[in-house]
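**Q** build me a structure from this.
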Amino acid sequence: MKHLYGSDPLALQVMDTLDLQASRNEPNAVGVAVEPSPPTDPDGRLNAMKAALGRRIQARRKRRFDTIEAFAKTAGLNPAYAWRIEAGRQNLSLGTLLRVGAALHVTLADLFDGLEGGSRL
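**A** Numbering: from 1, shown residues only. All right, here's what the predicted structure looks like:
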C-alpha cells in the first residue's frame, strides 16, 4: 500500500501505524482491533507453483527470444516484471498469462500442463 502514496510523509506515517497495529492486534483509530491477515500460502504450494511456472516460461522464452527485454516488449511487459515472473516472484493475472502465452506462441493449457500440483490449486 505504501507505494500508492509515494513519499507523502503523513500517508507513510499512517500506513506504518496501521501496519504496527495489525502486527500487535491493537485497536485502530475507531477502536476496532485490526486483525493480521492470515498467510496466503501456508503450505507453500502457491510459491512452488509460481516457481515451476516461472521456470517453464523462462525455458520457452529462451527458445524464442534472445533476451528477456525482447520477450517483455513482445508481451507488453516491463522487463523487471518479466524477470519476476521467471523467478517465480510475481502473481499473474489472467490477462498477463494470456499476453505471455501469446508472446511465446503457446496456450495457457501448454503453460500449465504437467506442472506438479496444478490440478489442486
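**Q** how close does Ile110 sit to Ala75?
**A** One correction, residue 110 is Asp, not Ile. 15 Å (CB to CB, to the nearest Å). Glycine gets a C-beta too; all of them are placed from N, C-alpha and C.
**Q** before we move on, what about Tyr81?
**A** Distance from Tyr81 to Ala75, by CB to CB: 9 Å.
**Q** so which of these two has more stuff around it?
**A** Neighbour count, other CB atoms under 10 Å: between Tyr81 and Ala75, Ala75 has more, with 22 against 14.
**Q** quick one: contacts for the more buried one?
**A** Residues in contact with Ala75, defined by CB atoms under 8 Å, 6 or more residues apart in numbering, are 82, 99-100, 102-103.
**Q** following the longest helix belonging to the chain, which helix or strand shows up next?
**A** Determined from DSSP state H, the single longest helix within the chain is helix 45-64. Following helix 45-64 in sequence order, the next helix or strand is helix 68-75 (DSSP states H and E).
**Q** which helices and strands does the helix or strand that that next one is followed by pack with?
**A** Of the helices and strands lying after helix 68-75 in sequence (DSSP H and E), the nearest is helix 79-86. Under the contact definition 3 or more CB pairs under 8 Å, 6 or more residues apart in numbering; DSSP states H and E, helix 79-86 sits against helix 45-64, helix 68-75.
**Q** so for the shortest one, what gets flagged as buried?
**A** Within helix 68-75, the residues that qualify as buried are 68, 71-72, 74-75, counting by 16 or more other CB atoms under 10 Å.
**Q** nearest to Ile57 among those residues?
**A** The shortest gap between Ile57 and any of the buried residues of helix 68-75 belongs to Phe71, at 8.8 Å (CB to CB).
**Q** ok so, going back, could the buried residues of helix 68-75 go into JSON lines alongside distance to Lys50?
**A** Conversion of the buried residues of helix 68-75 to JSON lines gives the following (distance: CB to CB, whole Å):
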{"residue": "Ile68", "distance to Lys50": "17"}
{"residue": "Phe71", "distance to Lys50": "18"}
{"residue": "Ala72", "distance to Lys50": "18"}
{"residue": "Thr74", "distance to Lys50": "22"}
{"residue": "Ala75", "distance to Lys50": "17"}
